[in-house]
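A.B. asks: Here is my input; please provide its structure:
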Amino acid sequence: MRILSLCLIVLLFSACDQSSSSTDTCGDNVADVGEQCDGEDLGGVTCISLGYYTGTLSCSSNCTLNISECVGSGQCGDGVLNLEHGEECDGTNLDNTTCEDLDYYEGTLACNDGCLFDTSGCIGLCGDGEVTHDEECDGDNFNGLTCADIDPDYHSGTLSCDSDRCEIYDDDCNWCGDGILNGPEQCDNTDLGGATCHDLDATYYNGLGTLTCDGTCGFDVSDCRFCGDGRIDGTEICDGDNIGTNPTCGQMGYAGGSPTCTACGAIDYSSCNDWVQISAGFSHTCAIDSLGGVWCWGEGTYGRLGTGSSSHATSPSSVPLPAAAVSVSAGTSHTCAVTTAGEAWCWGRNNYGQLGTNDLVDKNVPTMVYGTSAFFTQIAAGLDHTCAVADDTKVYCWGNQETGKLGNCYDTGTAQIPSVVQTGCGGRITHFFNEAVQVAVGNGHSCARTRVDLETRLYCWGSNSSGQLGINMNAGADQYVAEPARVIDSYGAYLTSSDVSLGAAHSCAISLDGTTQRVYCWGGSAQGQVGHGLTANSLSAVTVLVPPGDPAGTLNNGHTLASGANHVCVSNVGDGFYCWGDADFYQLAGGSNVDSLFAIPATLISGAVAMSAGQSHTCWISQGRIFCVGRNDYGALGDGTTTNATTTATLALIP
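C.D. replies: Numbers count the residues shown, from 1 in each chain. The predicted model follows:
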């Protein structure tokens, strides 16, 4: 084997390229055509690739391979038994092992080409399933014998075979069925010896169930009733996995899973899957459960629910993704999610390439975003564009480029695959926008938070038709910025931010003002969505106000934001929940349909750990369940109906 390998190498190296340069010389440390090797250049050949176990290959001065240090390391086929290299044998060297040593009855043992024992010449083995030599049986092979052949008194039962000695055992043969209780029998036909279910085990309910005798004269307790048998009997509320007609996890508002039955007397729903993330779109809603599963419900036009059709759904429907999701965002007519694999998947309307699939075709099932190797961590879907943050801290956007909302220096056309947000668009050299930790999108603009050292900066780009960029630039239909610009407050100072959320044409952020987390908004305020007590637009960030007469004056202690198309909600640390803006469909969660120019208590929201606001509805997660209020034309509230929720929040339910 070794000689053949070496010959092949010689032949390969000797197949000279007639066009090779005349300057190729032995000794230049380059294995040229015609050389097996040259100095340290062995052409990738090693002792192991030549069939030896170990050793060091070198190159001779005449540029041929020197295998002298390989030969002594041994190889399969050299007749030497190398046990340390896994050889059982080598050629005729069987290490004095015979078929009998391997538990065969007779035969001739051989060695195969891989230096392992070849037992094909060995004959007979207890356990091979064949009854040979002095065996009575082998495995399940009894040569046709039954219990009755062993003893005529046996009329049923099963023979067994000793796996070590291949001898028949009749321990499982029995004699019963004559109606007489005898020997090892527990019962015989109807003769139970007076026993009942409860006599056998006190855990069996007294008076419930019937004890019977099986065909082997043993007690059959299958009809005896007890807590744990999976059947609901007597006063039981549940039993094992059987909860009867009681609500399932989904019917209790959880994201599926199985409840636990406690002592057959109570159902514990703490084992159900919780909802952990929520995103409200224009007229549909999506969420992530504690296992990373994505669910969507509401309007299904254009396939925005990702369930394979354009049908509407009034209850959460599972969305098929290849891996668990870490981020989901419901836009106007499309939806996107990011999985644990860092992949972005989108579905729904694609008239501007907002799905990032390198085409303009709508998708009714998740389709992976095309054209990038970025590892995404968070995603945001808007009216007709999408942006995402990657682990390289860059922001990627795709879809409609009008008004510069993709931040890639362009303001017309579409980007059907992700493009990186850039700065320096007016200069000779542009730079990637880095250090991003969060991105949010509206109808025609986008904003992102960055972290530089300990400072969290806020940038916006795109349309400034209502002042939604917060850069104190004159607003108008033709006013836009195609690259990130820092947001400033009404005093001209740059705004820092711990959270940012965008509506159709307004923006809001939470910023640390001294030791207070204040809520700021800017942009369009026709329905009071800026929360500064006016319907006038604001070109720069202003603090959100509470109603006159409240000594606090401004909305403080902000924690997380949720912006709908024209309304905003915020959770405050230790101070409840507030909403303001458009209330046409009671989406401010305060039981009123009157727009509010100030932040007012959202009395329907309690214990929320996550919130999201859509076009005309608001949803939140509390104790692992999803509650919603507002418009429900297409079932966006997920409660199984199309009835609006006004003064009472509804619970999203899985049928």
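A.B. asks: Where does the residue of the chain most remote from its centre sit: helix, strand or coil?
C.D. replies: Note on the chain: the largest C-alpha distance from the chain mean falls to Pro152, namely 63.0 Å (CA atoms, centre = their mean). Here Pro152 takes the coil state, with states given by DSSP: H, G, I helix; E, B strand; the rest coil.
A.B. asks: Distance check, it against Cys173.
C.D. replies: Shown here: Pro152 relative to Cys173, a distance of 11 Å by CB to CB, to the nearest Å. C-beta here means a position set from N, CA and C on the backbone, and glycine is covered the same way.
A.B. asks: Residue ranges in the stretch 351-500 of the chain under the pLDDT threshold?
C.D. replies: Low-confidence segments of the stretch 351-500 of the chain (pLDDT under 70): 428-429, 476-477.
A.B. asks: was I right about Asp170 contacting Leu159?
C.D. replies: Yes - counting by CB atoms under 8 Å, Leu159 is a contact partner of Asp170 at 6.2 Å.
A.B. asks: who touches both of the two?
C.D. replies: 147, 150 (CB atoms under 8 Å, 6 or more residues apart in numbering).
A.B. asks: what's the neighbour count on Cys238?
C.D. replies: Here the number of neighbours of Cys238 (other CB atoms under 10 Å) works out to 22.
A.B. asks: now it, nearest residue through space, not along the chain?
C.D. replies: The spatially closest residue to Cys238, leaving aside those adjacent along the chain, is Cys261, at 3.8 Å (CB to CB, 6 or more residues apart in numbering).
A.B. asks: Please settle this for me: is the one you found part of a helix?
C.D. replies: No - per three-state DSSP, Cys261 lies outside any helix segment and is strand.
A.B. asks: Now do the contacts for Met402.
C.D. replies: If you look again at residue 402, you'll see it is Glu, not Met. 411-412, 444.
A.B. asks: let's see it at 7 Å
C.D. replies: Going by CB atoms under 7 Å, 6 or more residues apart in numbering, Glu402 touches 411-412.
A.B. asks: For Ala388, see how far away it is.
C.D. replies: 19 Å.
A.B. asks: still on that earlier bit, pLDDT score assigned to the residue farthest from the centre of the chain?
C.D. replies: Confidence at Pro152, expressed as pLDDT, is 79.
A.B. asks: and what of Gly177?
C.D. replies: pLDDT, Gly177: 81.
A.B. asks: ditto for Glu84
C.D. replies: The model's pLDDT for Glu84 equals 81.
A.B. asks: That one and Thr414: what is the separation?
C.D. replies: From Glu84 over to Thr414 (counting by CB to CB), the distance is 65 Å.
A.B. asks: ok, these two, which is more surrounded?
C.D. replies: Thr414 (19 against 8).
A.B. asks: And the nearest residue to the more buried one once chain neighbours are set aside, how close does it get to Asp384?
C.D. replies: In space, Thr414 comes closest to Gly353 once its chain neighbours are excluded; the distance is 4.4 Å by CB to CB, 6+ apart. According to CB to CB, Gly353 stands 9 Å off from Asp384.
A.B. asks: Which neighbours do the two have in common?
C.D. replies: Common neighbours of Gly353 and Asp384 (CB under 7 Å, 6+ apart) are Gly399.
A.B. asks: Which one's more surrounded, Asp170 and Leu159?
C.D. replies: Neighbour count, other CB under 10 Å: between Asp170 and Leu159, Leu159 has more, with 20 against 15.
A.B. asks: contacting residues for that one?
C.D. replies: Counted by CB under 7 Å, 6+ apart, Leu159 has contacts 142, 145-147, 168, 170, 173.
A.B. asks: how about these in JSON lines, adding secondary structure, pLDDT and distance to Gly492?
C.D. replies: Shown next, in JSON lines, are the contacts of Leu159 (DSSP: H, G, I helix; E, B strand; the rest coil; pLDDT from 0 to 100; distance: CB to CB, whole Å):
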{"residue": "Phe142", "secondary structure": "coil", "pLDDT": "90", "distance to Gly492": "97"}
{"residue": "Leu145", "secondary structure": "coil", "pLDDT": "90", "distance to Gly492": "101"}
{"residue": "Thr146", "secondary structure": "coil", "pLDDT": "87", "distance to Gly492": "100"}
{"residue": "Cys147", "secondary structure": "helix", "pLDDT": "85", "distance to Gly492": "99"}
{"residue": "Ile168", "secondary structure": "strand", "pLDDT": "90", "distance to Gly492": "99"}
{"residue": "Asp170", "secondary structure": "coil", "pLDDT": "83", "distance to Gly492": "99"}
{"residue": "Cys173", "secondary structure": "strand", "pLDDT": "80", "distance to Gly492": "98"}
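A.B. asks: So among those residues, which ones count as buried?
C.D. replies: 142, 147, 168, 173 (16 or more other CB atoms under 10 Å).
A.B. asks: What is the nearest of these to Leu604?
C.D. replies: Cys173 (72.9 Å; CB to CB).
A.B. asks: got the contact list for the closest one?
C.D. replies: 147, 150-151, 154, 157, 159.
A.B. asks: gap between it and Asp151?
C.D. replies: Cys173 is 7 Å from Asp151, by CB to CB.
A.B. asks: Could you do Cys508 as well?
C.D. replies: Taking CB to CB, one finds Cys508 at 89 Å from Asp151.
A.B. asks: who's more crowded, the two?
C.D. replies: More crowded of Cys508 and Asp151, by other CB under 10 Å: Cys508, with 32 against 12.
A.B. asks: To which secondary structure element is the more buried one assigned?
C.D. replies: Assessed by DSSP states H and E, Cys508 sits inside strand 506-513.
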